[in-house]
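Asker: need a structure here:
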Amino acid sequence: MATRVAYTLDSTLDSVNMVEQTAEQLAIKAGFSEEDLHKITMSVREAAVNAVLHGNAYDPGKKITVAYETTPDALAITISDEGKGLDPQTVPDPLAEENLLKTSGRGIFLIRSFMDEVKIRELHPGTEIKLVKHMSVPETGAKEQ
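Answerer: Coordinates of the predicted model:
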């Protein structure tokens, strides 16, 4: 059975913290491993910071919307902003030599490496990013006979 919860929040760092804490609580409740928990919370925080900082530029008139959906085998978090939009094709490669020493620009790269599915969509105005982490089947040492 799937459950879905959505919030509309102000473009503040307090909202970013709330988005991250809610994702962490849902991931714990869903039974994700400690390693996956870390990946989920880091990715969600990064996506929320992008929405508040880059998308809405801390504009008090703009909101972010966050939806959490849990199913028996996955957790999906969708974060939307009301900013000018983001073309994923124009995001610089953080591994390119000219970008290696830059202190920003790794968020989307990190999110893509930590999550199982990442979908970025233009909303006109705004951007939506959907992060999905699948439950991994615990590996057992014993083989069935």
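
Asker: CA only for contacts and neighbour counts going forward, please
Answerer: Will do.

Asker: how about the helices of the protein, start to end?
Answerer: 13-30, 34-49, 107-114 (DSSP state H).

Asker: For residue 7, which of the ones you listed is the nearest?
Answerer: Nearest to residue 7 among those is helix 13-30; the distance by CA to CA comes to 9.0 Å.

Asker: can you map out the strands along this protein?
Answerer: 3-10, 63-71, 74-80, 117-122, 127-134 (DSSP state E).

Asker: can I get those in JSON lines with mean neighbour count?
Answerer: As requested, these are exported to JSON lines (neighbours: other CA atoms under 10 Å):
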{"stretch": "strand 3-10", "mean neighbour count": "13"}
{"stretch": "strand 63-71", "mean neighbour count": "20"}
{"stretch": "strand 74-80", "mean neighbour count": "23"}
{"stretch": "strand 117-122", "mean neighbour count": "15"}
{"stretch": "strand 127-134", "mean neighbour count": "21"}
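
Asker: Any chance of CSV for the ones you listed, columns distance to residue 17?
Answerer: Putting the strands of the chain into CSV (distance: least, CA to CA, whole Å) gives the following:
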stretch, distance to residue 17
strand 3-10, 11
strand 63-71, 12
strand 74-80, 13
strand 117-122, 21
strand 127-134, 17
